[in-house]
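Engineer: just coords:
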């Protein structure tokens, strides 16, 4: 058996003789998938292990399919590739006659929870109960995977936080009554079966004697227990992962499982320390960042590539450039270290405009590559730019701007339809009220935007009795009745206006704009979103001739972004989480400010370290160029720049 392009650590991992477990610490771009596939070849072709005795575990079906495809380039052996849940499914199917019809869909889960919420929160609106149901489903899933009830509860809205025990018990009782399982029960039930049934455990241990596990840093405690139950002495487990890239704590992933594995199994360790993706500047900067984490395996990574580009500037290779009108270099906030740049802006609008123009210029510069291959794939030499956001909300703002400019791009996450955001839906609700075609949900949505002191009880009573709100309050609260009379007059006026004038009237005269700005006065990011959406809706209104036709066609014909498998794509928008496993020629991490990176406030140490890992993952997607943008404020103001940039750029 011959091996191509192996370094010493890769060869050591692939040819590990055991007989016990091996933990492979695989840094970014270190060839972990290649090592896993070659390890399988070594087991089957050199050690003559029966392929049927080998199980390769991944976390997604796409990852399992991709790894299987890579393996079949070298071999025709029929090795078992699957996800954790596919194995759970097989255990349950063969042991309890489990089948697909028993799996709860998301609609089924909501069907269990919504009646309970209706009883507990009778005055809540339908869309509010729907949102709360989604929160509860997520919290239940986290709890089942991690067994951390306190953390699961912390994720819930205040009105249901104290009700989690009751909601969970009711959900489980109804689920069992229906004879159903949800996705997470496959894990917990499988663990229980393997723990309690010794014969069953021995059957699966003998069926799969060799376990190879990809992305081991994403294992949660419950999955770790199943791995322990599936293996037997001498525990020939080949676990590959990188604790520095563990970024799915919100799903229950726990990087300490890697340390637990090494400690409990006394596993040998190999570190894949050569990064074949990024140049030395990017590798060194990312290591400078991640070494600030305490709960990790110590490791040193190096780049296989020569340092790119000619050094200019001072003795440290630094140079400062001005990108703003008429300001000195020192005021520009831009610092370049080889191929790593940080760029400061006075406002979020300036940053957003820069990102848009960067996408446009990048596409213009790379027009000659039209028709190239999909640049998200490894080993493809296609120029690509990725802008990696900390949150989906930040990403959607740029996506909307690019759509308006007809700049082609792809998004990995599900694209949110701008027409269904809070502001557009509020505007549509008001317009439908003006036309007399509003539903009770429309009225409830905006009747207190701005506040007119209309209660939920009043809304429910009027809905049931067919009474108008003005009449309801005429004998109960004259001030509220007067506010409603004023609103009715404003709605009559709006119905006679053009769409553009109607939206402007709604913003300024009715008071919707001030209401919105007051609501988000202490949330700068949401305030920016609200302003942007107001301007977008107003611009859309200017294109319309009739309010009625606009309302009827609202949300139809929204421009679509290019699909990710479109060969013409060169610009990608995604969250840092979604970028894991991908690589691009140039990466931009925007909004590198506190409360974005790291996300949130009052962070405990574990959360802060995960936030640093998210930033690290984003950095290590870059092959050649890496850029950070941040808001530094107006000249003379102190910008709340991310502490992570301070760690990277400190001398």
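Structural biologist: That came through fine. The structure displayed is predicted, hence computed values, not measured ones.

Engineer: ok, which stretches of the stretch 251-400 of the chain are strands?
Structural biologist: Ranges of strands in the stretch 251-400 of the chain, per DSSP state E, counting those that start in this stretch, are 268-272, 274-275, 302-303, 318-320, 335-337, 340-345, 385-389.

Engineer: what would these look like in a markdown table with mean pLDDT, mean neighbour count and distance to residue 612?
Structural biologist: C-beta: built from backbone N, CA, C; applies to glycine. Shown next, in a markdown table, are the strands of the stretch 251-400 of the chain (pLDDT from 0 to 100; neighbours: other CB atoms under 10 Å; distance: least, CB to CB, whole Å):
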| stretch | mean pLDDT | mean neighbour count | distance to residue 612 |
| --- | --- | --- | --- |
| strand 268-272 | 97 | 19 | 20 |
| strand 274-275 | 95 | 20 | 18 |
| strand 302-303 | 94 | 16 | 21 |
| strand 318-320 | 34 | 15 | 23 |
| strand 335-337 | 45 | 19 | 19 |
| strand 340-345 | 92 | 22 | 17 |
| strand 385-389 | 96 | 26 | 15 |
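
Engineer: right, so of those strands, which gets closest to residue 443?
Structural biologist: Comparison of the strands of the stretch 251-400 of the chain against residue 443 by CB to CB identifies strand 385-389 as nearest, at 35.2 Å.

Engineer: okay, now the sheet partners of that closest one, with direction.
Structural biologist: Partner strands for strand 385-389, per DSSP bridges, with pairing direction: strand 571-575 (parallel), strand 584-589 (parallel).

Engineer: next structured bit after the longest one?
Structural biologist: Using DSSP states H and E, the next helix or strand after strand 584-589 towards the C-terminus is helix 605-619.

Engineer: and that following helix, how far from the chain's centre?
Structural biologist: Remark: helix 605-619 is offset 14 Å from the chain centroid, using CA atoms, centre = their mean, to the nearest Å.

Engineer: enumerate the positions of it that are buried.
Structural biologist: 609, 610, 611, 612, 613, 614, 615, 616, 617, 618, 619 (16 or more other CB atoms under 10 Å).

Engineer: would you turn the residues you listed into JSON lines with pLDDT and distance to residue 45?
Structural biologist: Output for these, formatted as JSON lines (pLDDT from 0 to 100; distance: CB to CB, whole Å):
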{"residue": "609", "pLDDT": "96", "distance to residue 45": "41"}
{"residue": "610", "pLDDT": "95", "distance to residue 45": "40"}
{"residue": "611", "pLDDT": "96", "distance to residue 45": "43"}
{"residue": "612", "pLDDT": "97", "distance to residue 45": "41"}
{"residue": "613", "pLDDT": "97", "distance to residue 45": "36"}
{"residue": "614", "pLDDT": "97", "distance to residue 45": "39"}
{"residue": "615", "pLDDT": "98", "distance to residue 45": "41"}
{"residue": "616", "pLDDT": "98", "distance to residue 45": "36"}
{"residue": "617", "pLDDT": "97", "distance to residue 45": "34"}
{"residue": "618", "pLDDT": "97", "distance to residue 45": "38"}
{"residue": "619", "pLDDT": "97", "distance to residue 45": "37"}
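
Engineer: residue 615: what's it in contact with?
Structural biologist: For residue 615, the contact set (CB atoms under 8 Å, 6 or more residues apart in numbering) comprises 289, 576, 589, 597, 598, 642, 644.

Engineer: residue 184: which of the buried residues of helix 605-619 is nearest?
Structural biologist: Of all the buried residues of helix 605-619, residue 610 has the smallest distance to residue 184: 21.0 Å, by CB to CB.

Engineer: so what's that closest one closest to, chain neighbours aside?
Structural biologist: Excluding the flanking residues, the one nearest residue 610 by CB to CB, 6 or more residues apart in numbering is residue 249, at 4.9 Å.

Engineer: hang on, isn't that neighbour packed against residue 609?
Structural biologist: No - in this structure, residue 249 is not within contact of residue 609 by CB atoms under 8 Å, at 9.5 Å.

Engineer: for the stretch 351-500 of the chain, what spans make up the helices?
Structural biologist: Along the stretch 351-500 of the chain, the stretches classed as helices by DSSP state H, counting those that start in this stretch are 392-404, 422-435, 440-446, 456-465, 469-474, 478-495, 499-505.

Engineer: please identify the deepest-packed of these.
Structural biologist: Compared across those, helix 422-435 shows the largest average neighbour count, a mean of 21 (mean count of other CB atoms under 10 Å).

Engineer: now stretch 199-209: average pLDDT?
Structural biologist: Averaged across stretch 199-209, pLDDT comes to 93.

Engineer: flag every buried residue along that stretch.
Structural biologist: Going by neighbour count (16+ other CB under 10 Å), the buried part of stretch 199-209 is 200, 201, 204, 205, 208, 209.

Engineer: closest one of those to residue 544?
Structural biologist: Top of the list for closeness to residue 544, among those and by CB to CB, is residue 208 at 61.9 Å.

Engineer: max-length helix in the chain?
Structural biologist: With secondary structure taken from DSSP state H, the chain has its longest helix at helix 126-146.

Engineer: packing partners of that one?
Structural biologist: helix 106-120, helix 149-154, helix 158-161, helix 164-177, helix 183-196, helix 221-230 (3 or more CB pairs under 8 Å, 6 or more residues apart in numbering; DSSP states H and E).

Engineer: who wins for proximity to residue 390 among those?
Structural biologist: Residue 390 lies closest to helix 149-154 among these, at 19.8 Å (CB to CB).

Engineer: from what I can see residue 618 touches residue 587, true?
Structural biologist: Yes - counting by CB under 8 Å, residue 618 does reach residue 587; the two are 6.8 Å apart.

Engineer: what touches both of these two?
Structural biologist: residue 388.

Engineer: from residue 632, how far out is residue 485?
Structural biologist: With distances taken as CB to CB, to the nearest Å, residue 485 is found 49 Å from residue 632.

Engineer: could you do residue 246 as well?
Structural biologist: For residue 246 relative to residue 632 (CB to CB), the value is 31 Å.

Engineer: the two - which one has more neighbours?
Structural biologist: In terms of neighbours (other CB atoms under 10 Å), residue 246 is the more surrounded of residue 246 and residue 632; the figures are 26 against 22.

Engineer: wait, that one sits on residue 218?
Structural biologist: Yes - counting by CB under 8 Å, residue 246 touches residue 218, with 6.5 Å between them.

Engineer: could you report the pLDDT at the spatially most central residue of the chain?
Structural biologist: With distances taken as CA atoms, centre = their mean, residue 577 lies nearest the centre of the chain, 4.9 Å away. Note on residue 577: pLDDT of 93.

Engineer: check which helix or strand it maps to.
Structural biologist: Secondary-structure assignment from DSSP H and E places residue 577 in no helical or strand segment.

Engineer: next up, the contacts around it.
Structural biologist: 247, 248, 614, 617.

Engineer: rewinding a little: overlap in contacts of residue 249 and residue 609?
Structural biologist: Between them, residue 249 and residue 609 share no contacting residue, judged by CB under 8 Å, 6+ apart.

Engineer: dump the helices of the stretch 351-500 of the chain to TSV, plus distance to residue 174.
Structural biologist: Below are these laid out as TSV (distance: least, CB to CB, whole Å):
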stretch	distance to residue 174
helix 392-404	31
helix 422-435	32
helix 440-446	27
helix 456-465	26
helix 469-474	37
helix 478-495	40
helix 499-505	45
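
Engineer: for residue 94, find the nearest of the ones you listed.
Structural biologist: Nearest of these to residue 94, taken as CB to CB: helix 392-404 at 39.2 Å.

Engineer: who are the packing partners of that closest one?
Structural biologist: helix 348-365, strand 385-389, helix 524-541, strand 571-575.

Engineer: which positions in the third one come out as buried?
Structural biologist: Going back to what we said before, that points to helix 524-541. Result for helix 524-541 [16+ other CB under 10 Å]: buried residues 525, 527-534, 536-538, 540-541.

Engineer: coming back round to it: quick check: neighbours shared by residue 246 and residue 218?
Structural biologist: Common contacts of residue 246 and residue 218 (CB under 8 Å, 6+ apart): residue 253.

Engineer: returning to what we had before: so which of the buried residues of stretch 199-209 comes closest to residue 232?
Structural biologist: Closest to residue 232, out of all of the buried residues of stretch 199-209 and judged by CB to CB, is residue 205, at 4.4 Å.
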